[in-house]
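Q: Okay, sequence plus prediction incoming.
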Amino acid sequence: MTHPSDTGPAPVLALKDISKSFGAVRALRDVSLELFPGEVHALAGENGAGKSTLIKTLAGVHRPDAGQVLLDGEPVVFHGPGDARDAGIAVIYQEPTLFPDLSIAENIFMGRQPRRALRRIDHRATRDATTALMRRLGVSLDPDRPARGLSIADQQIVEIAKALSFDARVLIMDEPTAALTHSEVARLFGVVRALRDQGAAVLFISHRLEEIFEICRRVTTLRDGAWIASEPLAGMTEDDLVRRMVGRDLAELYPKQDVTPGEVALSVRRLTREGVFTDVSFDVRRGEIVGLAGLVGAGRTEVARAVFGIDRRDAGEVVVDGRKLTNGAPSTAMAAGLALVPEDRRAQGLVMDMSIERNIGLTGLGTTVRAGLMDRGAERSRSLDWAVKLQVKYARIADTVNTLSGGNQQKVVLAKWLATRPKVLIVDEPTRGIDVGTKTEVHRLLSWLAADGVAVLMISSDLPEILGMADRVLVMHEGRLTAEIPRTDATEETVMAAATGRTAA
Amino acid sequence: MTVTAPDQAPVAEVPKAGATRLVDRVFRMRELAILVVFLVMIAVTQAGNSAFLSEQGVKDLLLNATILVLVATGQTLVVITRNVDLSVGSTLGISAFAAGLHLQNGGNPAVAVTLAVLLGIGFGLLNGLLVSLGQVPALVVTLGTLYIIRGIDSIWVGSRQITAADLPGGFVDFGSGGLSAVPYLALIALAVLVATAYYLKHFGGGRELYALGSNPEAARLAGIPVRKRILAAYTVCGALAGLAGAMYLARFGNVDSGTGSGYELTVVSAVVVGGVAFTGGSGSVYGAALGALLLTSVNSVLPALGVSSVWVLAINGVLLVLAIAVDRIVALRVASALKKRNARHA
Ligand SMILES: Nc1ncnc2c1ncn2[C@@H]1O[C@H](COP(=O)(O)OP(=O)(O)OP(=O)(O)O)[C@@H](O)[C@H]1O
Ligand SMILES: [Mg+2]
C-alpha cells in the first residue's frame, strides 16, 4: 500500500506519525503522508476527518503535538506560514484569506512583491505579473480591483493565482474547486498538470470524487483523524474510495420520493433587478423540488436574494402562500414562511464566534421565548435535534462554530434554517463542500421535507444533483430564465443547452 | 459533472480602467472633498474679513495645524492596522516637559528634541508591546497608558511650569519663524507627512500595515510578521507624538502637567474626518492631514468672522458625524457598484 520509494525519487515533503489535538478533539492521530515530486496526491475523508488540519500542519499554521515534518528527508519545524512559504510550499486554504481593501494584484503578491531600487515595490511589475497569472488561468479579473465584493468563485481564483505566483515545489490545495465552473476547473487542472510535469508535488482535496480520479495518482484516506490508507488510484472505483472514507457502503445518492404537487406556495412574477437579472417568473408548489440550474454567474443567487428581500428588486412581485412580500424586507419573508440557505455560508450564514447551539437557535428566537425571556432549554433541545439529524461533527454543542471543519459549518447553516420549519425553502448550493455521506443525507432530508409539503427551490451547479432531485428544472442564462424542463425531459444535454443559451425555450 | 460552459474557455482580455480606478477615484475624491470644504470655508471667511489671509494669518493657520498634522500622521499608521493609540496626548505632554526641562537647565536644543522623540519611542514601544502581545483591545490598553503616562507626568512635573523665558531665544524664534508665510515647523511636518505617505505606498512594510488591518487572520497566513508591524506602527506613532511635544514647546513655550490632555480626541477626530476607516485597512495620511487642517482652521475662522468660539466644538462634532455618514454612504455605493460589475463580468 505504500509507494515504492526505494525505486522512485525521494519525497519532497513528508509527515511522519503526526498527531494534533484541539482540547479534547483529536483531529489527527499518527498520520503519515509522503509527497513525491511530479505527482498529484489526493487527500480524502469525510467532513471533519482532519484534512484541513493536516494541511495546516504542513503549512506551518499548526504545530503538531507529536511527530515530524520532513523536508527533503530532513526534519524541519515551521514556526509560521512564512517559513513554509520560504521552503517552497504554496497553500490554498479552504476558506478564502483575502484582504478586502487591497487590490487583487496586492492580494496575490502581499509579502513578496516585486521590488525595484531601494527595495521599493514595483507596482507595474506586480500588476503585469497578475495579468499574466489571470491569463494563465483563463479568467478576466481586473488586477486593480479591490477584493471586496468578489464572488466566491472569483475569490477562489485569486487564491489559486496566489499559490501559482511563485515557483512552488509543493502545491497544497484544500477544496479549490468547490465554487468553480467546469471550464475553470479544467483550466486549473491544466495548470496543475503543467506544474506536476515540471516536478512539483501536489496535494489535492476535493469532495468531488470524479475530480480525484481525473487528476490524482495516489490517494491518502483519513477517517476521524486516523490514517486509513495510502494507495494508487489505478484500479480503484469511486465506491471503493467511499468505503474507505466512511467505512461502510452508502445508500442511494439521490433518494427522491415521488409526490403530487399541491397548491402554489411561492410565486415570483416578472422579477427584475437592473443589470443583474430581468423578467424572472416562476412558481413553486407545495411538495415540489424545483431545481434552478445555470452557469455560475447566471444570476441564480441574485434572484434568490431578491426573492428573500436581502437585495431590493427594481420591479416584479413575490407572493408566498398568498401573501405579497414587502420589497427589501427579509423579516416579512421569514414571517411568511420563507427560508433561504445562502451560498456564502461563512459570511452570511454564521456568527463565527458564537456556539453551535446559539447559531442554530438564532432563527428560532420567536419560538423559544417564554414570558419574554429566552428559553435556553428549548433552544438547546431544538439545536441538538437538528445537529444530530444532519450529523454535525462536534465535541460539544456549546463549542463555537469557528472550531468546526468547513463542511460541518455548512451543516450548521442548513440546520439553522431547516429548524424554522419553513413553508418555502430556498437552498443555494446545498451540498457544496459536503462529503458524499452527508450529501446523501441532505438529499434525503430535502426529499423528506418536500414530501412533508414544503416547497423547495434548489439552486445547484451540480448537474447530477439537479437531475436526481428536481421535479422540474428551471434554467437561467445571463440573467434570464431560458427554460423550464419537467423531470422526465431533463437530461444533461437539455439543461446544458439552455444554460449556455444555445436554445430558446 | 457540474453545469458547465462549453469547454472553449473564454480567454478574456483583462479589462483595463476597471473597478479600481473607480475606487481610487472615490478615495481621491474623499480627500478632494475635504480640501474643497476647507477652501470654501477660507474663501467665505476672507470675504467676510479681508485681514484674515494676511501673511500672519496664513502663518497662524499653518502653525495651528502643524502639531495636529504630525500626531494625526502617526495615529493614522496605528488606525490602519485596526488599532488606536489614545495615549498620544499624554506622550506629547510629558515629552514637551522633558525637552523644556533640558533646555531650562541650559541644554542643547538638538539634544532636547532627541530626548522628546526618544521618550515618545519608549511609550510607543510600551503600547505596541501591550497591544501585540496581550489579547486586549487597543482601546483599553492605550486608555490605560493614557492615564499611566499622565500620572507619571503629574507626579514628575508637580506644580512646576516651563515658560518661554526659560528657553533659549533661538529655539523660541525657530518655533514661530518661517520662510515668509510658511513656518519652519510646518515644513518639518510636511516632510514627515510626505515621507510617511511614500513609505505606506511604496514599501512592503507599509502595504503590510493595510493588509493586517484589512484581514488580520489572512495577514498571518500570508506570513506577515503581524506583531512586529503593529509594534512598528505604535513606535512611529509614539515618536511623532514626542516630536510634536518638542514642537509644542517651541511654538507655545509654555508647558505644565496638563499639557496635551484631551488632545487624543482631537487627533482621532482629525483622522476620522480625513477618511481613515476605524475598521482598518483603508485611508491615507494625506486625508488625515487635511482633516487636521480643517479642524484647526475652524478655530481661526470663527473669531475672524466674529462668531463666538463656543461654537468650535459643536462644529467639529458636526464635521465628524458628516464625515462618518459620507464614508458609510460611499462604502455602500462602492460595494453595490462592485457587485454589479461582478454580475456582468461572469
Ligand atoms: N481551531 C480548532 N479548534 C478546535 N477544534 C478544531 C479546530 N480546527 C479543527 N478542529 C476540529 O478538528 C477536526 C478536523 O477538522 P478539519 O477542519 O481538519 O476537517 P476536514 O477534514 O478539513 O473537513 P471538511 O471536509 O469539512 O473541510 C474537526 O472535528 C474540527 O471540529
Ligand atoms: Mg477542511
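A: Ah, there it is. Numbers count the residues shown, from 1 in each chain, chains lettered A, B, ... in the order given. Ligands and ions are numbered 1, 2, ... in the order given.

Q: alpha carbons only for contacts and neighbour counts from here, please
A: Noted.

Q: Please, which helix or strand holds residue A:280?
A: Taking DSSP states H and E as the definition, one finds residue A:280 inside strand A:277-285.

Q: what lines up beside the next helix or strand after that strand in the sheet?
A: Downstream of strand A:277-285, the next assigned helix or strand under DSSP H and E is strand A:289-294. Counting by DSSP bridges, the strands paired with strand A:289-294 are strand A:455-459 (parallel), strand A:472-477 (parallel).

Q: Need the phi and psi values for the residue of the stretch 51-200 of chain B at minimum distance from ligand 1.
A: Per Cα to the nearest ligand atom, the residue of the stretch 51-200 of chain B with the smallest distance to ligand 1 is residue B:135, at 16.8 Å. Torsion angles at residue B:135 (phi, psi; degrees, to the nearest 10) stand at phi -90, psi 40.

Q: Direction included, what does the strand holding residue A:280 pair against?
A: Short version: by DSSP bridges, strand A:277-285 pairs with strand A:264-273 (antiparallel).

Q: Average pLDDT for the strand it pairs with, rounded please.
A: Averaging pLDDT along strand A:264-273 yields 94.

Q: And the residue of chain B closest to ligand 2?
A: residue B:221 (15.7 Å; Cα to the ion).

Q: correct me, but that residue touches residue A:61?
A: Yes. Between residue B:221 and residue A:61 there is a contact at 7.2 Å, judged by Cα atoms under 8 Å.

Q: Overlap in contacts, the two.
A: Taking Cα atoms under 8 Å, 6 or more residues apart in numbering or on different chains as the contact rule, residue B:221 and residue A:61 both touch residue A:81.

Q: Name the residues of the strand holding residue A:280 that are buried.
A: Neighbour-count burial for strand A:277-285, counted by 16 or more other Cα atoms under 10 Å in any protein chain shown, picks out A:277, A:278, A:280, A:281, A:283, A:284, A:285.

Q: what's around residue B:52, how many residues?
A: 21 (other Cα atoms under 10 Å in any protein chain shown).

Q: now do residue A:233
A: Other residues near residue A:233 come to 20 when the count uses other Cα under 10 Å.

Q: cool, and residue B:261?
A: 18.

Q: list the contacts for it?
A: Counted by Cα under 8 Å, 6+ apart, residue B:261 has contacts B:89, B:90, B:93.

Q: what's the answer for residue A:253, then?
A: A:436, A:439, A:440, A:443 are the contacts of residue A:253 under Cα under 8 Å, 6+ apart.

Q: that's a helix at it, yeah?
A: No. Using DSSP: H, G, I helix; E, B strand; the rest coil, the assignment for residue A:253 is coil, not a helix.

Q: what does chain A have sitting close to ligand 1?
A: A:22, A:27, A:46-53, A:393-394, A:403-408 (Cα under 6 Å from any ligand atom).

Q: Residue A:18 falls within a helix, correct?
A: No. Using three-state DSSP, the assignment for residue A:18 is strand, not a helix.

Q: Leaving out sequence neighbours, find the closest residue to it.
A: residue A:67 (4.2 Å; Cα to Cα, 6 or more residues apart in numbering or on different chains).

Q: Mind giving me the packing neighbours of the strand or helix carrying the one you found?
A: Assessed by DSSP H and E, residue A:67 sits inside strand A:66-71. Applying 3 or more Cα pairs under 8 Å, 6 or more residues apart in numbering or on different chains; DSSP states H and E, we find strand A:66-71 packed against strand A:13-22, strand A:74-76.

Q: can you tell me if stretch B:276-289 touches chain A.
A: Yes. With Cα under 8 Å from any Cα of the partner chain as the measure, stretch B:276-289 is seen reaching chain A through B:281, B:282.

Q: Let's test this: mean pLDDT of that stretch, rounded?
A: 93.

Q: end to end, how far does it reach?
A: Length of stretch B:276-289, first residue to last, Cα to Cα, to the nearest Å: 11 Å.

Q: ok, residues contacting that stretch?
A: A:101-102, B:27, B:30-31, B:34, B:68-70, B:72-73, B:76-77, B:79-83, B:193, B:196-197, B:209-215, B:270-275.

Q: Helix or strand: which one has the residue nearest to residue A:91 when sequence neighbours are not counted?
A: The shortest distance from residue A:91 to any non-neighbouring residue, by Cα to Cα, 6+ apart, is to residue A:172 (4.7 Å). Element membership for residue A:172, per DSSP H and E: strand A:170-174.

Q: what distance separates that strand from the centre of its chain?
A: 17 Å (Cα atoms, centre = their mean, to the nearest Å).

Q: got it, and stretch A:202-221?
A: On Cα atoms, centre = their mean, the centre of stretch A:202-221 falls 16 Å from that of its chain.

Q: before we move on, what about stretch B:98-114?
A: 26 Å.

Q: One more: stretch B:152-167?
A: 27 Å.

Q: Residue A:119: neighbouring residues, count only.
A: Around residue A:119 there are 12 residues (other Cα under 10 Å).

Q: quick one, phi/psi of residue A:78?
A: Torsion angles, degrees, to the nearest 10, at residue A:78: phi -90, psi 120.

Q: quick one: the residue lying closest to it once chain neighbours are set aside from residue A:35, how far?
A: Once flanking residues are discounted, residue A:78 sits nearest to residue A:60: 4.8 Å by Cα to Cα, 6+ apart. Using Cα to Cα, residue A:60 is found at 16 Å from residue A:35.

Q: Same question for residue B:256.
A: From residue B:256 over to residue A:35 the distance is 68 Å, taken as Cα to Cα.

Q: Please apply the same query to residue A:196.
A: 12 Å.

Q: OK, contacts around whatever residue of the stretch 151-300 of chain B ends up closest to chain A?
A: The nearest approach of the stretch 151-300 of chain B to chain A comes at residue B:223, 3.9 Å away (Cα to the nearest Cα). By Cα under 8 Å, 6+ apart, the contact list for residue B:223 reads A:80, A:81, A:82, A:83, A:85, A:111.

Q: Now do the SS call for it.
A: Applying three-state DSSP: residue B:223 is coil.

Q: which SSE is the residue in the stretch 201-350 of chain A positioned nearest to chain B in?
A: Of all residues in the stretch 201-350 of chain A, the one sitting closest to chain B is residue A:297 (4.9 Å; Cα to the nearest Cα). Take DSSP H and E as the rule and residue A:297 turns out to sit in neither a helix nor a strand.

Q: Format the CA atom coordinates belonging to the strand holding residue A:172 as CSV.
A: Below are the C-alpha coordinates for strand A:170-174, written out as CSV (Å, rounded to 0.1, in the frame of the first residue of the first chain):
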residue,chain,number,x,y,z
VAL,A,170,4.9,21.8,-3.2
LEU,A,171,1.4,23.0,-4.0
ILE,A,172,-1.3,22.2,-1.5
MET,A,173,-5.0,22.8,-2.4
ASP,A,174,-7.8,22.5,0.1
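
Q: After that strand, heading C-terminal, what element do we hit next?
A: Remark: after strand A:170-174, the chain's next helix or strand is helix A:182-197, criterion DSSP H and E.

Q: Point out the other elements, helices or strands, that that following helix touches.
A: Partner elements for helix A:182-197 (3+ Cα pairs under 8 Å, 6+ apart): helix A:123-137.

Q: Specify the angle between the helix it packs on and helix A:182-197 in degrees.
A: Interaxial angle, helix A:123-137 versus helix A:182-197 (axes from the mean of the first three to the mean of the last three Cα atoms, to 10 degrees): 110 degrees.

Q: centroid residue for chain A?
A: Residue closest to the average C-alpha location in chain A (Cα atoms, centre = their mean): residue A:433, at 3.6 Å.

Q: List phi and psi for that residue.
A: According to degrees, to the nearest 10, residue A:433 has phi 80, psi 10.

Q: Could you double-check that it lies in contact with residue A:407?
A: Yes. When contacts are counted by Cα under 8 Å, residue A:433 is listed as touching residue A:407 (5.6 Å).
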